[in-house]
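Visitor: quick one: sequence and predicted model below, then my questions.
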Amino acid sequence: LRMQGHTHRVPLCGSLCIAMTCIEDKCERSGLYSNSALDAGDTELSFSLGEKVPEGRMRGFTLAEVLITLGIIGIVAALTIPTLMQKFDERETVTGLKKTYSVLSQAYANIRSNEGLPKSWDVNSPDEFRDLFAKYLLNSKKCDANSGQECQSNVVKTLNSSSTTDYSRRIDHSSLILNDGSSLTFYYNASINPRNCDYFDDDGYSNYCDGMAIHVDVNGFKGPNVWGRDRFQFGMTSDKILPSGFPTSSSFNDNCKNGTNSTGTGCAAWVIYNENMDYLHCDDLSWDGKQKCD
């Protein structure tokens, strides 16, 4: 090895070595030589001070290689990030709906304890129905004409986009918003004596209050405001609040099971008890069979 007029013998590699010829700090590979050739003094290697000669020739990545790598990373990210974000949003919805259901159930238990059963309530309108619950929902805010748009989601679509309802024009609904941002819409149909909870609902529950229901929007006025995505329906009996689409119900099969081909109004029970929204991704789910997409 010759550096600035001096020859030095250094261990460069294994059985084969790379010969480099350097002129004014510019080096070229001049061939491969065996250790025995170097020992016999047949070959000289010259390179500038500080230059490393490894076993294999070292070099950096070319611009084309860097761009190709970045392109692959971008494609993988484009394919995986939307799915991950969707799963995160669905998990947030499941958590939010379960929390609101718990809050509603506790409020209803307190109402029954202090106000009696629905037939004894002094309630005759949607506003009075809402106001009764508001007494037992701490820090809730009533929605009225002066509340502004941020109090509730007025326009709601079905999951299959077959219809849109503007609840600001419905006289049988009244709303409030909870301190976590979720909104509750109280349905009260005075024409069918809703406080008489002696009906049998589609799920086979007795003492069903046919003219009263509660709609939950887990993120309030924010989008998408679609049944089965962020808005869910609950019914009432004389002693409990029930999520729509219960296991014995035809409501899940008719209004949720087919995902984006259904209205979405029968999905609440599935989300709460199975803790997923997989009906959005496959259409062969059932309460007594497959409860998650593959």
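Guide: Yep, it's here.

Visitor: mind showing which ranges of the stretch 1-150 of the chain have poor pLDDT?
Guide: Filtered on pLDDT under 70, the stretch 1-150 of the chain yields the residue ranges 1-59, 145-150.

Visitor: quick one: the strands in it, in order.
Guide: Taking DSSP state E, counting those that start in this stretch, the strands of the stretch 1-150 of the chain run over residues 2-3, 6-7, 16-23, 26-34, 141-143.

Visitor: with the stretch 151-294 of the chain instead?
Guide: 155-157, 164-166, 173-177, 183-188, 208-217, 231-237, 241-243.

Visitor: who does the third one touch, helix- and strand-wise?
Guide: Packed against strand 173-177, as judged by 3 or more CB pairs under 8 Å, 6 or more residues apart in numbering; DSSP states H and E, are the following elements: helix 126-134, strand 141-143, strand 183-188. For glycine as for every other residue, the C-beta is placed from the backbone atoms N, C-alpha and C.

Visitor: can you check the fifth one too?
Guide: Here strand 208-217 is seen to pack against helix 63-115, strand 183-188, strand 231-237 when contacts are counted using 3+ CB pairs under 8 Å, 6+ apart.

Visitor: quick one: the longest one to chain centroid distance?
Guide: Taking the mean of its C-alpha atoms, helix 63-115 sits 2 Å from the chain's own mean (CA atoms, centre = their mean, to the nearest Å).

Visitor: orientation of that helix relative to strand 231-237 in degrees?
Guide: 20 degrees (axes from the mean of the first three to the mean of the last three CA atoms, to 10 degrees).

Visitor: give me the helices and strands touching helix 63-115, please.
Guide: By 3+ CB pairs under 8 Å, 6+ apart, helix 63-115 packs against helix 126-134, strand 208-217, strand 231-237, strand 241-243, helix 268-274.

Visitor: let me know which of those is tucked in deepest.
Guide: Comparing the helices and strands packed on helix 63-115 by mean neighbour count (mean count of other CB atoms under 10 Å), strand 231-237 comes out on top with a mean of 24.

Visitor: CA atoms only for that one, dumped as CSV, please.
Guide: Extracted C-alpha coordinates of strand 231-237, given in CSV (Å, rounded to 0.1, in the frame of the first residue of the first chain):
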residue,chain,number,x,y,z
ARG,A,231,-76.5,8.4,14.8
PHE,A,232,-78.3,5.7,16.6
GLN,A,233,-81.8,5.0,17.9
PHE,A,234,-83.1,3.9,21.3
GLY,A,235,-86.5,2.8,22.4
MET,A,236,-88.1,2.7,25.8
THR,A,237,-90.1,0.4,28.0
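
Visitor: ok, residues contacting that strand?
Guide: In this structure, residues lying in contact with strand 231-237 by CB atoms under 8 Å, 6 or more residues apart in numbering are 97, 101, 104, 108, 118, 153, 156, 197, 201, 205-209, 212-218, 225, 227, 241-244, 264-268, 271.

Visitor: now the angle from it to strand 183-188?
Guide: 40 degrees.

Visitor: mean confidence (pLDDT) on strand 231-237, please.
Guide: The pLDDT scores in strand 231-237 average 93.
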